[in-house]
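*Asks:* no sequence for this one, just the structure:
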């Protein structure tokens with residue numbers, strides 16, 4: 001099983017993007033999602049944006065991940 005987390009694209013430089021994940025910024029690859037744009041939400045897995053999602057899906061996914069972490 002793999003885990004992907006939602007992130008908001010803040011800047012793009014070629015195939016690299018800077019994203020925000022709950023206030024933490026990271027550099028990620030857009031090789032798998034070249035159509036992604038600044039302001040899009042993407043799902044991240046191992047440093048790669050693997051799909052573009054809408055804001056509602058990003059918020060719901062983060063909510064579920066937080067609930068899982070609090071359950072342990």
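*Replies:* That came in fine, so what should we check first? Keep in mind it's a predicted model, so treat the numbers as computed, not measured.
*Asks:* any idea how far the longest strand along the chain is from the chain center?
*Replies:* If you go by DSSP state E, the chain has its longest strand at strand 5-13. Centroid separation for strand 5-13 versus its chain: 6 Å, with Cα atoms, centre = their mean, to the nearest Å.
*Asks:* Check which residues of it are buried.
*Replies:* For strand 5-13, the neighbour count (16 or more other Cβ atoms under 10 Å) marks 6-9 as buried. Placement of C-beta: from N, CA and C, glycine included.
*Asks:* Quick check: buried residues in whatever helix or strand comes next after that strand?
*Replies:* The helix or strand immediately downstream of strand 5-13 is strand 16-21, counting by DSSP states H and E. Buried residues in strand 16-21, counted by 16+ other Cβ under 10 Å: 17-19.
*Asks:* How about stretch 45-61?
*Replies:* Judged by neighbour count (16+ other Cβ under 10 Å), stretch 45-61 contains these buried residues: 49-50, 53, 58, 61.
*Asks:* In helices only, show me the residues you listed.
*Replies:* If you go by DSSP state H, these have 58, 61 in helices.
*Asks:* Residues touching stretch 17-37, excluding its own?
*Replies:* Contacting residues not belonging to stretch 17-37 are listed as 5-12, 15-16, 42, 44, 47-52, 62 [Cβ atoms under 8 Å, 6 or more residues apart in numbering].
*Asks:* again with stretch 9-16
*Replies:* So stretch 9-16 is contacted by 17-20, 25, 27-31, 34, 36-42, 49 (Cβ under 8 Å, 6+ apart).
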